[in-house]
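>>> This is a predicted model, with the sequence first.
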Number of protein chains: 2
Amino acid sequence: MKFIYTFLLCSLLVSTAKADNGYRLWLRYDHIDNATLARQYRQQLASVTYETGNSPIIQAAQKELRNALQGLLNYNPAFVNAPGKGSTLIFVKNGSKQLSPALNKLINNTGNEGYVIKTISLNNAPCLVVGAANDKGILYGTFHLLRLLQTHQSLTNINIVESPKTQVRILNHWDNLDRTVERGYAGFSIWNWHKLPGYIDPRYIDYARANASIGVNGAVINNVNANSLILTADYLRKTAALAGVFRRYGIKLYLSAKFSAPIEIGGLKTADPLDPAVKQWWQQKADEIYRYIPDFGGFLVKANSEGQPGPQNYGRTHADGANMLADVLKPHGGIVMWRAFVYDDKTPDDRAKQAYNEFKPLDGKFRSNVIIQVKNGAIDFQPREPFHPLFGAMKKTQIMPEFQITQEYLGFSTHLVYLATLFKECFDANTYSEGRGSTVAKIISSPVNNSLTGIAGVANIGTDINWCGHPFAQANWYAFGRLAWNPDQSAAAIAQDWLKMTFSNQADFVKPITSMMLSSRETTVNYMTPLGLHHIMGTHAHYGPAPWVNNLSRADWNPVYYHKADSAGIGFDRTATGSNAVAQYYPPLRDSLNKVETTPEKYLLWFHHVGWNSRLKNGETLWNELVKHYYKGAADVAGMQKTWASVKGKVDSTRYHEVEQLLAIQAGEAAWWRNACVLYFQTFSKLPLPAGYTKPDHDLQYYKDLKFHYLP
Amino acid sequence: MKFIYTFLLCSLLVSTAKADNGYRLWLRYDHIDNATLARQYRQQLASVTYETGNSPIIQAAQKELRNALQGLLNYNPAFVNAPGKGSTLIFVKNGSKQLSPALNKLINNTGNEGYVIKTISLNNAPCLVVGAANDKGILYGTFHLLRLLQTHQSLTNINIVESPKTQVRILNHWDNLDRTVERGYAGFSIWNWHKLPGYIDPRYIDYARANASIGVNGAVINNVNANSLILTADYLRKTAALAGVFRRYGIKLYLSAKFSAPIEIGGLKTADPLDPAVKQWWQQKADEIYRYIPDFGGFLVKANSEGQPGPQNYGRTHADGANMLADVLKPHGGIVMWRAFVYDDKTPDDRAKQAYNEFKPLDGKFRSNVIIQVKNGAIDFQPREPFHPLFGAMKKTQIMPEFQITQEYLGFSTHLVYLATLFKECFDANTYSEGRGSTVAKIISSPVNNSLTGIAGVANIGTDINWCGHPFAQANWYAFGRLAWNPDQSAAAIAQDWLKMTFSNQADFVKPITSMMLSSRETTVNYMTPLGLHHIMGTHAHYGPAPWVNNLSRADWNPVYYHKADSAGIGFDRTATGSNAVAQYYPPLRDSLNKVETTPEKYLLWFHHVGWNSRLKNGETLWNELVKHYYKGAADVAGMQKTWASVKGKVDSTRYHEVEQLLAIQAGEAAWWRNACVLYFQTFSKLPLPAGYTKPDHDLQYYKDLKFHYLP
C-alpha cells in the first residue's frame, strides 16, 4: 500500500501566498479589510478636485493618491474639473474662492513645506481640504492624508496644521562609487553608477517616494570619505539623472566633496582654500554642477578627520575651508554642511573633547550658508552617548545634528533596535545653554543669522529587497524622517504609525510590538555597553565585543582607552580631576556630571572611574549591577523572541519568519556580548557573578579567539 | 482664476498599478484572464491526489502547485486523501494500483529525474497523471504541468514523457566571499555570508524554485578563482544552510576548491597532489564537508590558469590533481569538475590551441568521477566562437561544456542578447569525431565509462530585484536550464515559453518579440565582432571596443594579437600555414576550415588572414562587407527599439520602460562599437566607407580616449 499524503499544511501554504518581501516599506496600500471603514472612506473621498496647477511635484502627489486609493480601497475616485460640483476632497495651492478667507490665510501661511488638512462645510456637505502655499506642502499633505487612511483613522472633523521644525532633513549615504557602502548592512549601494544616466532604476523612484512620505527633503548620495571623481562631468551627468527623479518628490541632491579635488581632478598643485586658483576652480566646478543640477543642494565635507584632507593641511582653519566653498555656492543658493567629527594626528587626552576644542573657537566665523554637522554624541554613534557638548556651545553658528540610522554600533542589520528613543534622548536633552528649556531640539531648530536649520541621518538603505536588511530597520529610516520633521513627536506614536502602515492595524499586534520596539534600544545598551560604557566593540568592522583590544597604533582607537578597567574599578574619568570634558557642558549640568552622585547612572562610566565595590543608588555594587545589566540585556532579547512568537499569524509568514530568524541571531549575539564582557571585566574585578547568574559556556580565551572574515 | 487640473494620465496611472518588478521571473502565476480557459483548467484540476509520500521535495512540489493554482486560477483544488474518489489529477511515485501496468511501467522507467504526464481514463472520466520513479521527477513534472497552464496550453489528451539528456545541469556562480561577483552585471552576490547560517533569505528559496522549474540540479556557489576560506568550518556551516534550502528543490551544492587550500588553511608546506599529507588533508576535508552536507556534489577546480595554483606547480599533471581530489570524493559519491580553460606562463603561438594541447594527451588518465569542463569555444566566451576542438577529442574522458550566461563579452546587462542561439550553435555543431551526427550535444550527453554527463553555465544572477539586471537576461538563465535538460529543443520554442510565462500570452506580443530575441545575438555579433573577429574589447572589464590595444604585458592579452589587422588584411591565420589550430578538428571539418572558400563566413577571420579587397561569396570586398556588418548591427538595434515600441501597452509599464531605456543604451553602445572598430580598421585598409554609409560623428582618437571608472 502506498502512503496517501494529504495536505495538512493548508494554512501555512495559504498564508505564504500573502508573502510580503518588505520592498513596499510603509507604503504598502494593501486593501483595508474593514468594510465599514472602507465604505466610509470611499464616500468621504468620492470626488476629488485639484486647484493646484500641475507641476511635476503635484503630478507625483496625484499619482500617489490614485495608486494608494486603488490599493487601499480598490477605488478610483471621480476627479472633477471644477470646484463647487460636490467635491468631497479638494487640494488647494495658495487659496481658493471656495474657501473662507480665514482658511485661505491659514493655507497661505504654511510656508515652503507646510500644509493644512481640514474638514469644512461646502455646499452644506462636509469636504476635506488639503491646502498648502507651495507644491511640496501638497505632496506632504497627500502623504499625511494617506497615513490617516493607512492607520485607519477617522476622516471626520479633521483639523491638522503642519510645518516642519527644521528645513534641511537629509539622508547621508556613505555610498562609494564601487557600490560598496561604508557601514552598510543592507547589501550594496542602490545607485547603479554603471547604468546611469541612461537607466533609471524604478527603485530610485520608490526611494524618493518613501523619503517624501516622511518629509525627508535632501540626500547626500556619496560617502563623506569622498572620491573626487563624483565631481567630474561623467559622474555629474549620472548624478543629474538622479536629481531629476528626486526633484519630483521635493528632494534636493547634495554631494560629499573631497577637499583635495582641485588637485586630484583639477590638476592644481594645492587645495589651499585661500589660494585664488583653488577658489576659482571650485567656483567653476560649482557653476558646472548647477548647469547639470539647477537645484543642487550643496556640499557635505569631512575634512581633516581620519585621514581626509582639509584646510588644516595648508595651515588654514575649518572656517577658511568651509567659507571658501560656501562663497562659491552662495550665488546658486547652495549650502555647505561641514562635519565637526574631526580628530587630528595627535592622540588626545580625551577624544570626546576634540570637536568642541576645534570648533568652539571658530564660533561666529562661518558664513551664513555653512552649517556645522555635529554627531549626536562626542565619540561616535555609540549605543548610548550623552549629547554632544557643541549643541548650545556655538551661539553664532548654525548646528545640525548627525544621527546614524545605519546600525554600525547597534548590531548591524540582525539586531532589532528601534532608534527613535535614541534620537529622542538627544533631542530632549537640556543643554542649559540658555537655562532651562534649551533642549537640543530647540537649539537645532532655531535659525542663527537666517541660516537654514537641519538634521542629518546616515542612511541604512541598500540593495536588499527590503531596503534595510532587517524588516524592523525600516522603522529607523521612518522615525528619522518623522522626527526630523518634528522632534517633539513621541517615539511611541511614530512606532505605532509605522507598525500599522508596515504590518497590521490589529491592536493585539500593534500594542505588544510597540512596547517591544520602545524597550529594544535599552536592551541593546544593556547587553553591549551598560552604565555609560562605550567603544568596546571589535576593531575595524565594529562587530561584536572586544573590550580587551589594546594594541592598535593610536591609544584612542583601543577599547581599553575608553573603559579604563583596572583592579580598582572601571570608567573614564571626565570630571575636573580627570579629562575635564564635563567643563564643555553648561552649568548646572557640568556640575552634576562632575559628581558621581548626581550623574545619571546610564552615563556613570562615561564620566567617572568607579570602584568595583562602590554602591549604586539601589544599594548594589557596581560590579553586580554591571553583570545584572548584561544579563538583563540578553534575557530581554529572549523576551522579544517570546513577544514576536505571540503575534505569529498576525503578520505575513515571510516577514514573520525573517524576524524570527533575526531575533534568534540577536539572542545569540547578545549572549556573546554578555559573556565576553562579563568574563573580561571579571579579570579586573576578581569578583564572582552575583548569585543566580549562570556562568558563560566558554572561557574568555574562546571569545578573544573568534575571527571573522569579510564582515560588512 | 486658478488653473483647474484634471487627470489626463489615468491610463498611465492605472497601468502603473500593475507594475511588475521582475522578481518573480517566469514563475509569476498571475491570474489567467481568459475565463473560458481558466474554467476549463479548474475543472480539469478539480480534485488532486498524491500517491507520492511526503518527502521534503514532494512538499515543495505540492506547495508550488497550490500557490500556482491560487495565482493562475484563484483556486484551491480539493485534495482528496485516497485514490479512486474522482480525482482529476493524480501524482504517482513508482506506480499506483489505479494505473494500467503499462503506465506503471512507463512511470517506473523514468529514472532519477524523468517524469510522465499523461491523460488517462479513470472511472470513465479523464484524469491527468503526473508520474515519476523518484521525487525529483514529481517536482519537475509539477513545473512542466504548470508551464502548460502558464502558456495556456490544452490539458486534454496530454502525453508527455520526459527525461533529461544530461545529468549534472549546473550553474557556476563566480561569487566572491566579499559578495562581489566576477563578471557580474546584476548587482552583487545573493549569498549573504554574514547573515548565514542563521538567516535564510527568502531569495534563496526563490532561487531554488526557479532552478528547479527549468531542471537545473546543481550550483557551484563560489568563484572558480576560489578563496580557500570557503572550505573552513565557519563557511561550511553557512554553506550547509544553503544546501538545506537547495535540497528541497533537488539541487546539489558544489564548491570551487582552491588547489593551494592545504597550504592556506591546512598549514601544510605543499599542495603537491602526490604528497601523502596533502591527500590526507583533502580526505579529511572531504569527510568534514560531507558531515555538514551529506549530499554535497563535489568540487569545481580552476588550476594552473590565470595565476591559480595547480598540480603543475609541483611538476604534476592535471590528471594527477583531478584524480587525487576525485579519490577523496569517490566514497561519498562526489565528482570533480576540472576546468580545461588553462594557459601557462609562456605566450603561445596561438592561445586557441592551449587547452587541447594540454588535455588531449591526458585522455584516458582521469578517474570516472572527473569531468573535464570545457568552455564552448577555445578562446573565452566570445560573441561568436567555433566550438571547442576538445569536444569529441577525448574519447575516454567525460567532457561537459561551460557556457557563459552572464554577458561578459555580450554587453553586460544593458544589451538584449538572447543566448539560446549561441548555445544551440555549439550544441548543434558537428565535430565529426565519429563521422556525421557527432554533434557536441550528442558527445556531451553520452556517458564515458559510466561517468556523469553534464552542462555548466556561468550564472548571470545577482542582487538586482529582477535577478539578472536586464529583464531579458532572465531568458538566458531560463534557456540555459531548458537546453541543459534537452539540447535538442529549439531556441524559438524556449523563447516563446519564456515570453508567455514572463510577460504575456498575447500572440501580437509573443510573435514579434520572439523574432527580436532570435536575431538579437547575431545583431550583437555584427556590431561587436562580425565575420569571425574576436577578443577586441576593452582591457580588464571587457567593456566596449578597444581593438587598438597593443601594450599589455602578454601578447595574447592584446586585441591586436587576435585581429592581426595590417595593410594587407585582417584575421588570425589558423590554417596549416599559420598556427594550424585547424588540425585540432576532425576531418573533413579540418580541411574545410583550412581553406577560405569552404570556411563559413561567420568564422572567416577566426581562421584566416584575409585581404581587404578579397571578394566574399556575395562578390563584395572584405572591407565593404566588414563595414556593412558593423552598420547593420547598429541599425538592427534601432529595429529592436521599434519592435519594442510596437508592443507598448501589451506589457506592464515598469518593465516596458526598463527595456525601452536599456535598448536606448544598447543602441548607443552599438554605435560606439561600430564607429570605433570601423575607424580603427580603416587605418589599415585605407579604404573609404562604402557608398551610403554615414561617417562616424567622432574621430578615432575620441574613442581611444574614452575612460571608465568602477565598471562592474
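Happy to help now that I have it.
>>> Which of the helices or strands spans the closest residue in space to residue A:363 that isn't next to it in sequence?
Computed as Cβ to Cβ, 6 or more residues apart in numbering or on different chains, the closest residue to residue A:363 that is not its neighbour in sequence is residue A:394, at 4.2 Å. Glycine gets a C-beta too; all of them are placed from N, C-alpha and C. Remark: residue A:394 resides in no helix or strand, with elements defined by DSSP states H and E.
>>> Torsion angles phi and psi at residue A:394?
Phi and psi for residue A:394, reported as degrees, to the nearest 10, are phi -110, psi 90.
>>> May I ask which helix or strand encompasses the closest residue to chain B within the stretch 501-650 of chain A?
Nearest to chain B, among the residues of the stretch 501-650 of chain A, is residue A:543, at 8.6 Å (Cβ to the nearest Cβ). Assigned by DSSP H and E, residue A:543 falls within no helix or strand.
>>> So which residues on the stretch 201-350 of chain A come close to chain B?
A:202, A:203, A:229, A:234 (Cβ under 8 Å from any Cβ of the partner chain).
>>> Where neighbours are concerned, which of those residues has the most?
When these are compared by neighbour count (other Cβ atoms under 10 Å in any protein chain shown), residue A:203 ends up highest, at 20 neighbours.
>>> which element is it on?
Residue A:203 belongs to helix A:202-213, assigned by DSSP H and E.
>>> CA atoms only for that helix, dumped as PDB, please.
The C-alpha trace of helix A:202-213 is given here as PDB (Å, rounded to 0.1, in the frame of the first residue of the first chain):
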ATOM      1  CA  PRO A 202      12.400  52.100 -10.600                       C
ATOM      2  CA  ARG A 203      14.000  51.800  -7.200                       C
ATOM      3  CA  TYR A 204      15.100  55.400  -7.400                       C
ATOM      4  CA  ILE A 205      11.500  56.500  -7.700                       C
ATOM      5  CA  ASP A 206      10.400  54.400  -4.800                       C
ATOM      6  CA  TYR A 207      13.300  55.700  -2.700                       C
ATOM      7  CA  ALA A 208      12.100  59.200  -3.400                       C
ATOM      8  CA  ARG A 209       8.500  58.300  -2.600                       C
ATOM      9  CA  ALA A 210       9.500  56.800   0.700                       C
ATOM     10  CA  ASN A 211      11.500  59.900   1.700                       C
ATOM     11  CA  ALA A 212       8.800  62.300   0.600                       C
ATOM     12  CA  SER A 213       6.300  60.400   2.700                       C
END
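>>> partner strands of the helix or strand that comes right after it, parallel or antiparallel?
Downstream of helix A:202-213, the first helix or strand assigned by DSSP H and E is strand A:218-220. Partner strands and pairing direction for strand A:218-220 (DSSP bridges) are strand A:168-172 (parallel), strand A:252-256 (parallel).
>>> now the last one: mean pLDDT?
For strand A:252-256, the mean per-residue pLDDT is 98.
>>> Same check on stretch A:644-664?
Computed over stretch A:644-664, the average pLDDT equals 97.
>>> Alpha carbons of it, as PDB, please.
Taking Å, rounded to 0.1, in the frame of the first residue of the first chain, the C-alpha atoms of stretch A:644-664 are listed here in PDB:
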ATOM      1  CA  TRP A 644       7.300  38.000  18.500                       C
ATOM      2  CA  ALA A 645       6.100  34.400  18.800                       C
ATOM      3  CA  SER A 646       2.900  35.700  20.300                       C
ATOM      4  CA  VAL A 647       2.000  37.600  17.100                       C
ATOM      5  CA  LYS A 648       2.500  34.700  14.800                       C
ATOM      6  CA  GLY A 649      -0.300  34.600  12.300                       C
ATOM      7  CA  LYS A 650      -1.000  38.300  12.700                       C
ATOM      8  CA  VAL A 651       1.600  39.200  10.100                       C
ATOM      9  CA  ASP A 652       2.500  37.600   6.800                       C
ATOM     10  CA  SER A 653       4.600  34.500   7.200                       C
ATOM     11  CA  THR A 654       7.600  35.700   5.200                       C
ATOM     12  CA  ARG A 655       8.300  38.600   7.400                       C
ATOM     13  CA  TYR A 656       7.300  36.700  10.500                       C
ATOM     14  CA  HIS A 657       9.900  34.100   9.700                       C
ATOM     15  CA  GLU A 658      12.500  36.700   8.800                       C
ATOM     16  CA  VAL A 659      12.100  38.500  12.100                       C
ATOM     17  CA  GLU A 660      12.000  35.200  14.000                       C
ATOM     18  CA  GLN A 661      15.400  34.200  12.500                       C
ATOM     19  CA  LEU A 662      16.900  37.600  13.100                       C
ATOM     20  CA  LEU A 663      15.800  37.600  16.700                       C
ATOM     21  CA  ALA A 664      17.500  34.300  17.100                       C
END
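>>> what's that stretch in contact with?
A:12, A:15-16, A:18-22, A:414-416, A:470-472, A:503-504, A:506, A:508-509, A:512-513, A:516, A:637, A:640-641, B:198-200, B:202 (Cβ atoms under 8 Å, 6 or more residues apart in numbering or on different chains).
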